[in-house]
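Visitor: 3D model of this:
(chains A and B)
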Amino acid sequence: MPPWWWAVISAPRIYIHATAAIGPHGDTCTSERKAVTSDEPKQDLKPLIKELVGQPLRQASHLVSLAVCGALLCRKQNNPPLDRTTGIYVATGLGELEKANALFYQVMPPRNGLASPFDFINAAINMAAFYCAKVLDLESRNLTFSHNEFSFEVALETAISDLRAGIIPAALVGGVDERSYPRSYHEERMPLNKDQFMGEGSGWLLLDTSPEGARGEILEVARFDRGDANNAIAELLKQHRMNPAQVTLLPGTGLNSDETETLMKVTGVTRKHEYINNCGVFYTAVSFGLTHFCEQKQAGVRYALHVNHDNSGSFIIVLASTSS
Amino acid sequence: MTWVNIAGMGAVCCYGNNNKGLVRALKENRPGIQPLTHLTLPFDNVPPLNPTDITPYGEGGKAMDAMMLDACHQALHNASYDTVPEGTALIIGTSNFMFFGEAVNRYDYRRDPNSAMLAPNSSGDVTQHLAKAMGITGPAYTIHTACSSSANALIRAREMIMRDEAEHILVLGAEGFSTIALSGFHSMMLMDPNGCRPFDVNRNGLQLGEAFAAVLLEKHVSKQAHGFYLNGGANQCDIHHVTSASPDGKAMHTVTLKALHDAGVSTQDITAIKAHGTGSIDNDTAEAAALNILFNRNLPPVTVLKRYLGHTLGACGTLETTALLGCIKEGFLPATLGFQDIDPGLNVTPITENVATGGGNYLLTFFGFGGNYAALVVGCD
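Guide: As a prediction, this is how the structure comes out:
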């Protein structure tokens, strides 16, 4: 028996206790979701912040506001109060763009001026995680991750690892990214096809190791080399004894339509959930996608398979189930 | 039993680009304050700074790349590797890559004054580029937690090794100077015109530094004599205020206590403390309170490295670990430069002369904006 055998069978299972997302229209639930059909202007989140927090967050940037709204919506989904030692794991592909742009405008040529202290503080990428902890009153592990296409997956992977190690009782894992303007500048940071629209949003999962009251489960987060990723993913579904008819594919932002088709053919999965249509393209869009999938329960569909790849040749998958 | 060995270390900082030069400077108690030549700042009366010498590395983004690569290669060579071990992961800790974006933009602007001033590419772009250049095939990502970034990267790397998620992890702390960051700290009036004076009664702010420092961690199944081991670490958020610590030091105390628990040691096992000691009034007050609670007002020797190296923000986790362990290997704890007059309210008196030291456990603290705190316990047999 291999030495890791005991660790595998004894590893605590990871349950989803709440999911929530704010989308690019300020949408916070299924009935408010709508298709993204253009590169929309910046949304005003102040009214929603005031409603959710109970007061304005005067110093919060747009990115911070997106993160805080998502995290608070997720907390609202969960009836028992959060343990104060719940860890916060924030993922962002592009980080704080609004304030970074402001600083470049102030300091770089031709202005060559001083940085605004307010913009300078808010340009720190961990501000979203700080404000989430502040409004949720959580004094615990607090980490912010970035890895383009895999940002959310890395945060999720870390949160699961920490939960299994027992160093936190629960984890709030969120992905957040914002649009920037004009589109031509945004495309310098994140490539977009002509038919794709800039997206933004913030999606959150509340995870712990207790099955009681769970709404789903994270079954697997795994990495594969590009070479035989499709077959490896098919094999993984078999290992989990999944009927492909019960699986819905959530293609990541890195997957093009040909790759998605091939993957579906190899794995036998016939359904896909095109969440990008409702949130636009951004690196942490899967955080929105998983929430959207959970919101839209379809009869007979139990499993979500998210697959993405980055430009270095690695694949990553997230396999989740929802309670029937 | 799994042990996390600090197999190799390397740095590009104000003392150049080799560990020996860095340790020699600390042994001679030589401040690393240097003139800033590669940036023109939009304000007068520039306070003491600790820049790197960028000249050998070229210009723009290429220079930033080259300095990051140099630090990583030094760490590999220091661990006796010619190439990156198979499956090595890369974790970069930085407050953000604005310095990289600024370097690229300024380089472009010098060639074409009509070029657009674009905020930086994503952290992922920089990290993936570096991973590719190093031949790293394992996971590669960035942790952003302000000044505790690379300390948290070390903690995450240790946990990955302890949990059998990786066997070799290269942790890079990266923080280049930028006019944006320097003018930001200037606008906030956070820099001491007289340089960093940690825990001194007359302390009045930070002394900023620039550095790229890498640490290679690897899995050992048994301890080696004279080896350095990352025995524990902890991260904790203080929600008191975005830029200032809880004055009672409670959250800082919690993170240090958690780090000791993680390492399985008690306060009696701590040989010395490498304090964060930014020299700011509030931070040092809170840190002193935390250390006094932890050690019941009976502190082991305390040293602070900021006057030597500057506060290198997100890079200070790997840089100060590299510097401290280099000194311990040479048998001394460096004197705290900049500390002169005791603050009677703190009960912290950093060492003012080099002190002989050897094996034991060392507590290292790192505190950042956004209330992000980290503490490490490093052991040496």
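
Visitor: For residue A:52, grab the count of nearby residues.
Guide: When neighbours are counted by other Cβ atoms under 10 Å in any protein chain shown, residue A:52 registers 21. The C-beta positions use only the backbone N, C-alpha and C, and glycine is treated the same way.

Visitor: dump the residue contacts of it.
Guide: By Cβ atoms under 8 Å, 6 or more residues apart in numbering or on different chains, the contact list for residue A:52 reads A:68, A:69, A:72, A:73, A:76.

Visitor: Just the buried ones from those residues, in PyMOL syntax?
Guide: In PyMOL, a selection of the buried entries from those looks like this (16 or more other Cβ atoms under 10 Å in any protein chain shown):
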select buried, chain A and resi 68+69+72+73
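
Visitor: Show me the contacts of residue A:52 that map onto strands.
Guide: Among these, no member falls in strands (criterion: DSSP state E).

Visitor: Which of the contacts of residue A:52 fall within helices?
Guide: Among the contacts of residue A:52, the members found in helices (DSSP state H) are A:68, A:69, A:72, A:73, A:76.

Visitor: Tell me if I'm right that the second one and residue A:50 touch.
Guide: So that's residue A:69. No - using Cβ atoms under 8 Å, residue A:69 is not in contact with residue A:50, being 10.8 Å away.

Visitor: List the contacts of residue 213.
Guide: By default, I'm working from chain A. Counting by Cβ under 8 Å, 6+ apart, residue A:213 has contacts A:17, A:79.

Visitor: ah, no, chain B please
Guide: B:9-13, B:71, B:150, B:172-173, B:312, B:315, B:318-319, B:321-322.

Visitor: quick check, it in a helix?
Guide: No - residue state for residue B:213 (DSSP: H, G, I helix; E, B strand; the rest coil) corresponds to strand; a helix is not indicated.

Visitor: Could you check how far it is from residue A:147?
Guide: 21 Å (Cβ to Cβ, to the nearest Å).

Visitor: Would you mind listing where the stretch 151-300 of chain A has pLDDT under the threshold?
Guide: Applying pLDDT under 70 to the stretch 151-300 of chain A picks out residues A:298-300.

Visitor: Find the helix or strand that the residue in the stretch 201-324 of chain A positioned nearest to chain B is a member of.
Guide: Chain B sits closest to residue A:312 of the stretch 201-324 of chain A, with a gap of 5.5 Å, by Cβ to the nearest Cβ. Under DSSP states H and E, no helix or strand contains residue A:312.

Visitor: before we move on, back to that, closest one to residue A:139 out of the contacts of residue B:213, please.
Guide: Proximity of the contacts of residue B:213 to residue A:139 (Cβ to Cβ) peaks at residue B:150, which lies at 22.2 Å.

Visitor: Could you pull up the residues touching the closest one?
Guide: B:92-94, B:143, B:171-174, B:213, B:314-319.

Visitor: among these, which are in helices?
Guide: B:316, B:317, B:318, B:319.

Visitor: neighbours around whatever residue of the stretch 1-150 of chain B ends up closest to chain A, how many?
Guide: Residue nearest to chain A within the stretch 1-150 of chain B (Cβ to the nearest Cβ): residue B:124, separated by 3.0 Å. Look at residue B:124: counted by other Cβ under 10 Å, it has 30 neighbours.

Visitor: In which helix or strand does it reside?
Guide: Per DSSP H and E, residue B:124 falls inside helix B:123-134.

Visitor: List the buried residues of that helix.
Guide: Buried-residue list, helix B:123-134, by 16+ other Cβ under 10 Å: B:123, B:124, B:125, B:126, B:127, B:128, B:129, B:130, B:131, B:134.

Visitor: Same question for stretch B:5-22.
Guide: So, applying 16+ other Cβ under 10 Å, buried residues of stretch B:5-22: B:5-17, B:19, B:22.

Visitor: Which parts of the chain are helices?
Guide: Chain wasn't specified; assuming chain A. Counting by DSSP H, one finds helices in chain A at the ranges A:5-10, A:46-53, A:62-77, A:98-107, A:117-122, A:127-136, A:151-165, A:183-189, A:229-239, A:257-267, A:276-279, A:285-295.

Visitor: that's the wrong chain, I meant chain B
Guide: Going by DSSP H, chain B shows helices at B:19-27, B:60-78, B:98-111, B:123-134, B:149-162, B:179-187, B:250-263, B:281-294, B:306-309, B:316-329.

Visitor: so can I have CSV of those showing distance to residue B:229 and mean pLDDT?
Guide: CSV is the format used below for those (distance: least, Cβ to Cβ, whole Å; pLDDT from 0 to 100):
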stretch, distance to residue B:229, mean pLDDT
helix B:19-27, 18, 97
helix B:60-78, 16, 96
helix B:98-111, 32, 92
helix B:123-134, 24, 92
helix B:149-162, 9, 98
helix B:179-187, 33, 96
helix B:250-263, 9, 98
helix B:281-294, 21, 98
helix B:306-309, 23, 98
helix B:316-329, 10, 98
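
Visitor: Distance to residue B:357 for the ones you listed - can I get that in a markdown table?
Guide: Converted to a markdown table, those look like this (distance: least, Cβ to Cβ, whole Å):
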| stretch | distance to residue B:357 |
| --- | --- |
| helix B:19-27 | 12 |
| helix B:60-78 | 21 |
| helix B:98-111 | 34 |
| helix B:123-134 | 33 |
| helix B:149-162 | 21 |
| helix B:179-187 | 33 |
| helix B:250-263 | 18 |
| helix B:281-294 | 18 |
| helix B:306-309 | 17 |
| helix B:316-329 | 6 |
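
Visitor: so which of those helices comes closest to residue A:287?
Guide: It's helix B:123-134; of the helices of chain B, that one is closest to residue A:287 (Cβ to Cβ) at 15.5 Å.

Visitor: before we move on, the earlier item: minimum distance to residue A:178: which of the helices of chain B has it?
Guide: Using Cβ to Cβ, the helices of chain B put helix B:123-134 closest to residue A:178, at 14.9 Å.

Visitor: Please name every helix or strand in contact with that closest one.
Guide: strand A:142-146, helix B:60-78, strand B:89-93, strand B:140-143 (3 or more Cβ pairs under 8 Å, 6 or more residues apart in numbering or on different chains; DSSP states H and E).

Visitor: With that, I have no additional questions.
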